[in-house]
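Trainee: Predicted model and sequence below, questions to follow.
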Amino acid sequence: MTDSTIIYTQTDEAPALATYSFLPVVEAYASTAGVAVESRDISLAGRIIASFPERLAEDQRIEDALAQLGELAKTPQANVIKLPNISASIPQLKAAIAELQEKGYALPDYPDDPQTDEEREVRARYDKVKGSAVNPVLREGNSDRRAPSSVKNYAKANPHRMGEWRADSRTNVAHMDGDDFRSTEKSVVLAKEGSLKIELHGDDGSTTVLRESVPVQAGEVVDAAVMRVAALREFLSAQVERAKKDGVLFSVHLKATMMKVSDPIIFGHTVRAFFPKTFASYGDKLAAAGLTPNDGLGGIYKGLESLPEGDKIKASFDAELAQGPDLAMVDSHRGISNLHVPSDVIVDASMPAMIRTSGHMWNKDDQEQDALAVIPDSSYAGIYQAVIDDCRANGAFDPSTMGSVPNVGLMAQKAEEYGSHDKTFEIPATGTVRVLDDEGELVLEQAVGEGDIFRMCQTKDVPIQDWVKLAVTRARATGDPAVFWLDETRAHDRNLIAKVREYLPLHNTEGLQIEIMSPVEAMKFSLERIRRGENTISVTGNVLRDYLTDLFPIMELGTSAKMLSVVPLINGGGLFETGAGGSAPKHVQQLVKENYLRWDSLGEFLALAVSFEHLAHKTGNARAQILADTLDRATGTLLNENKSPSRKLGSIDNRGSHFYLALYWARELAEQTEDTQLAQAFAGLAKTLAEQEQTIVEELLAVQGSPVDIGGYYQPSPEKAAAVMRPSKTFNEALSSLS
Ligand SMILES: NC(=O)C1=CN([C@@H]2O[C@H](COP(=O)(O)OP(=O)(O)OC[C@H]3O[C@@H](n4cnc5c(N)ncnc54)[C@H](OP(=O)(O)O)[C@@H]3O)[C@@H](O)[C@H]2O)C=CC1
Ligand SMILES: O=C(O)CCC(=O)C(=O)O
Ligand SMILES: [Mg+2]
């Protein structure tokens, strides 16, 4: 690869399917500017296969593309378009392994309870693939997520539906008031580089090394916090009661994917709290059969089918389900509840979806109902209560008039909570966790009880400096106020506030409005402004970056797929994420059922344009800049002509929108006057696509309506998926005429 190479990632589910249709367009157009587009497989299936080369046949092995891209991201050469990928929960990981085994890959099963060294080794390799294992590796820069003005203006002119909010809504958020990560947090700024050791000193006199060596840098912020399990259980039981008393749906909103150690455990405690009698009577039997609530009810129900007492235990679950509050449902038709799979309800997307739908979730009768949203840790839960209170007082937000809240997010080098999973432990015995430096001096300590969750987080100084600079850059570019969402009553945030105050004066901030407010105050401030149609830049840590870049786009634009998501890499490269949302598993089900893919690739279009632009600046390739400018205009036309995929069969879907983008882009290229040779190269294609529009659209529509086989869920067959995703012979032939 060279400076003129763009890496396009092959991921999972809907975006991966969309890629089969869109990548051929990208490759063909890019080639006219001498830009090579190379694809890299970082899908869940690909990452599993790459983890076990020695067990596989020569022709089955694939290289570890993620590790390579992780290294690339640290170089100025990086120009990577990153589509959303699955961050797998254990049930998803197991399903992917099973699919690959079925396809002839001699992969080991996932060891739930590893006993031998070999099993422990297998488990360690799978645990590297599990959860959010891709994004933190690639994110060697902070994030700049916003709705481009063309997208925002389109949304204002064509507002999506927003559910009405009533003043008597009983929807609320519940969080703990103490003994959680927020209230136990301790934080230090390290004076020098070195390494830290994490030890558990048991009350019985034992010492267990939890982590031998964590490399640290000078100026780094290190925090230690505990979620105390006794308080958590009490809190969860009280919320089950409260939901029942209030007559609202019980739901829990976690991030079991990015917080892959802590949140499945918290999810498990929630399942236990909902079924206290069942776990009191049968908990040991379930555990002995390897059935853990941490993987959700779905896995337990499946396992019960082969247990001798399975029917009796299922009856006990059913009885408690009937007695308890109604549970929020993920899919009421198939009986999938909020407690079935830890990765089905992910807080960043699930809370905004609830807020967009009148504060409702779905009950078992497929009706909307008010809900109690349980978000145990109090660090960020309050921001959602602030939105809900605002909607109750002032009604739903109006996409046709509301302002915007873009985000500058601190995420580089595994910042804060989202980099903490290798320093998070479920504590086996009561004692004290001590964090020691190279000299054996105590850096941080926390008293812990059995079952408590201890967590250490790191935030490096260079990313913090870069984040402050990016905030000032965005404030200067827009003239909008920038608010640092930092809470001086939190230990970690106090250290960050001190650094923000130290680094802000290094920049010219004259005439800019830059504030520091607690998350709840910042939310209220931003909501007040958004209702007046004003924009406010949110400058946040890694978790709020994630939460806010789904929340505001979903309210403003209907979906976070329409976000521009740029990650200026600290060493000069560019990582261009597509949208701010995920891989839309529901969309794959619909495709397989009726050959209709409602995935909107707008995020890909936006990312591609900035990727070309980055390449043009870096290499002086004027044609790459023309590709960027014409793509931007084509994307604008696509929006205005309403050629985005709709949700329903019978109109154009993802494939149709790619055709229209190709048409408008070719037309822009043919009509531009800066490079006549390039214009000539596209003149023929622009003409053919315009002339054949009706034929192509007919060919694309003709396939809709019946089931299709893509040859697998986690690893679709490339031939079958390409055939399904490229059904228009006329379009395919026209494209191939370009090269
Ligand atoms: N950057 C990344 O790699 C990210 C990955 N993920 C991963 O994605 C998976 C699913 O996560 P989940 O929380 O359900 O979030 P998703 O964003 O995948 O899904 C929520 C809903 O958002 C809508 N949506 C999202 N993207 C698009 C799009 N491009 N076009 C149209 N609609 C879209 C769909 O709504 P509708 O049903 O109304 O069509 C979808 O059902 C998980 O494995 C998660 O870990 C999640 C976030 C980011
Ligand atoms: O990496 C993941 O699991 C999800 C990332 C995400 O939700 C985001 O960055 O917005
Ligand atoms: Mg997110």
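Mentor: Sure, I can see it. Numbers count the residues shown, from 1 in each chain. Ligands and ions are numbered 1, 2, ... in the order given.

Trainee: give the contact list for Glu445.
Mentor: 186, 224, 432-435 (CB atoms under 8 Å, 6 or more residues apart in numbering). The way it works is simple: take the backbone N, C-alpha and C, and place the C-beta from them, glycine included.

Trainee: Next one: Thr2, what pLDDT does it get?
Mentor: The model reports Thr2 with a pLDDT of 88.

Trainee: my read: it touches Ala36, true?
Mentor: Yes: shown here, Thr2 and Ala36 form a contact pair, counting by CB atoms under 8 Å, at 7.2 Å.

Trainee: which of these two has more neighbours?
Mentor: Taking other CB atoms under 10 Å, Thr2 and Ala36 do not tie; Ala36 has more neighbours (13 against 9).

Trainee: mind checking how far the nearest residue to that one once chain neighbours are set aside is from Leu700?
Mentor: Leaving aside its sequence neighbours, Ala36 sits nearest to Thr5 (CB to CB, 6 or more residues apart in numbering; 4.7 Å). Applying CB to CB, to the nearest Å, the value for Thr5 to Leu700 is 31 Å.

Trainee: Quick one: neighbours of the residue of the stretch 351-500 of the chain found nearest ligand 1, just the number.
Mentor: Going by CB to the nearest ligand atom, ligand 1 is nearest to Ala353 of the stretch 351-500 of the chain, at 6.9 Å. For Ala353, the number of neighbouring residues by other CB under 10 Å comes to 15.

Trainee: and the residue lying closest to it once chain neighbours are set aside, what pLDDT?
Mentor: Using CB to CB, 6+ apart and skipping residues adjacent in sequence, the residue nearest Ala353 is Ile554, 6.8 Å away. Here, the pLDDT recorded for Ile554 equals 97.

Trainee: cool, Leu738 as well?
Mentor: Looking at Leu738, its pLDDT stands at 87.

Trainee: OK, now which residue of the stretch 451-600 of the chain is nearest to ligand 2?
Mentor: Of all residues in the stretch 451-600 of the chain, Asp546 sits closest to ligand 2, at 4.3 Å by CB to the nearest ligand atom.

Trainee: Where does that residue sit, in terms of helix or strand?
Mentor: helix 542-557 (DSSP states H and E).

Trainee: So that helix, near ligand 3 or not?
Mentor: Yes: judged by CB under 5 Å from the ion, helix 542-557 comes into contact with ligand 3 at Asp546.

Trainee: distance of Asp675 from Ala429?
Mentor: Taking CB to CB, one finds Asp675 at 70 Å from Ala429.

Trainee: before we move on, what about Gln590?
Mentor: Taken as CB to CB, the span from Gln590 to Ala429 is 49 Å.

Trainee: so Ala396 sits right up against Trp165, yeah?
Mentor: Yes: Ala396 lies in contact with Trp165 (CB under 8 Å); the separation is 4.6 Å.

Trainee: neighbour count winner among those two?
Mentor: Per other CB under 10 Å, whichever of Ala396 and Trp165 has more neighbours is Trp165, with 21 against 18.

Trainee: element containing the more buried one, please.
Mentor: Taking DSSP H and E as the definition, Trp165 sits outside all helices and strands.

Trainee: per-residue confidence at the spatially closest residue to it that is not a sequence neighbour?
Mentor: Using CB to CB, 6+ apart and skipping residues adjacent in sequence, the residue nearest Trp165 is Cys391, 4.1 Å away. pLDDT for Cys391: 98.

Trainee: what sits against Cys391?
Mentor: Shown in contact with Cys391 (CB under 8 Å, 6+ apart): 165, 169, 355, 359, 397.

Trainee: which among those gets closest to Tyr110?
Mentor: Set against Tyr110, the nearest of those by CB to CB is Ile355 (35.5 Å).

Trainee: Write out the residues of the stretch 401-550 of the chain neighbouring ligand 3.
Mentor: Asp546.

Trainee: can you rerun that using 8 Å?
Mentor: With the criterion set to CB under 8 Å from the ion, the stretch 401-550 of the chain comes near ligand 3 through 546-547, 549-550.
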